[in-house]
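In: Below is the sequence, then the predicted model.
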Amino acid sequence: MKANKNYYYKVYLEVALKTSEYVFGYINISHIPYSKLEELFRDQVTYEKALFDDTMSYFIEDELYNKHKEYLDSEIPFKFDFNLFEYSVGLSSVEVQKYKKDYYEELPPILT
């Protein structure tokens, strides 16, 4: 999969209630290196030449979580609960010129 320099790419964890078709929320996990994602989802990669090439998402299930628990708990600010939620990891992109900055570069000023 060839990166397009006109886009920014983000990897996110999708959290969905098991009893609903609705997504509970998304957690940006773009700080996790592609090499680690490849290690995590190696068993789910079938025909892709690169992560997210043909498959739009990969699943974090109980077995995968337990195998990589220490790493996932240290890198993802969320308490995994497999009785309540289902988890998948996906890739999204946004055109550089349409990207809305989603962070601050400075702390807020002191209130006076």
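Out: Alright, I've got the coordinates.

In: where in the chain is pLDDT low?
Out: Scanning the chain for pLDDT under 70 picks out 1-4, 47, 49-50, 54-55.

In: In space, not sequence, find me the middle residue of it.
Out: Tyr12 (2.4 Å; C-alpha atoms, centre = their mean).

In: residues in contact with it?
Out: Taking C-beta atoms under 8 Å, 6 or more residues apart in numbering as the contact definition, Tyr12 lies against Tyr26, Ile27, Asn28, Ile29, Ser30, Val89, Gly90, Leu91, Ser92. To be clear about C-beta, it is placed using only N, CA and C from the backbone, and glycine gets the same treatment.

In: give the contact list for the fifth one.
Out: It stands for Ser30. Ser30 neighbours (C-beta under 8 Å, 6+ apart): Tyr9, Lys10, Val11, Tyr12.

In: Only the buried residues of whichever strand or helix holds the residue nearest to the centre of the chain, if you could.
Out: Using DSSP states H and E, Tyr12 sits in strand 7-17. Within strand 7-17, the residues that count as buried by 16 or more other C-beta atoms under 10 Å are Val11, Tyr12, Leu13, Glu14, Val15.

In: again with stretch 24-44
Out: Ile29, Ile32, Leu37, Leu40, Phe41, Gln44.

In: Surely Ser30 forms part of a strand?
Out: No: with DSSP: H, G, I helix; E, B strand; the rest coil as the criterion, Ser30 is assigned coil and is not in a strand.

In: Against Leu84, how distant is it?
Out: According to C-beta to C-beta, to the nearest Å, Ser30 and Leu84 sit 25 Å apart.

In: ok, now Val94?
Out: 30 Å.

In: for Phe24, same thing?
Out: Taking C-beta to C-beta, one finds Phe24 at 9 Å from Leu84.
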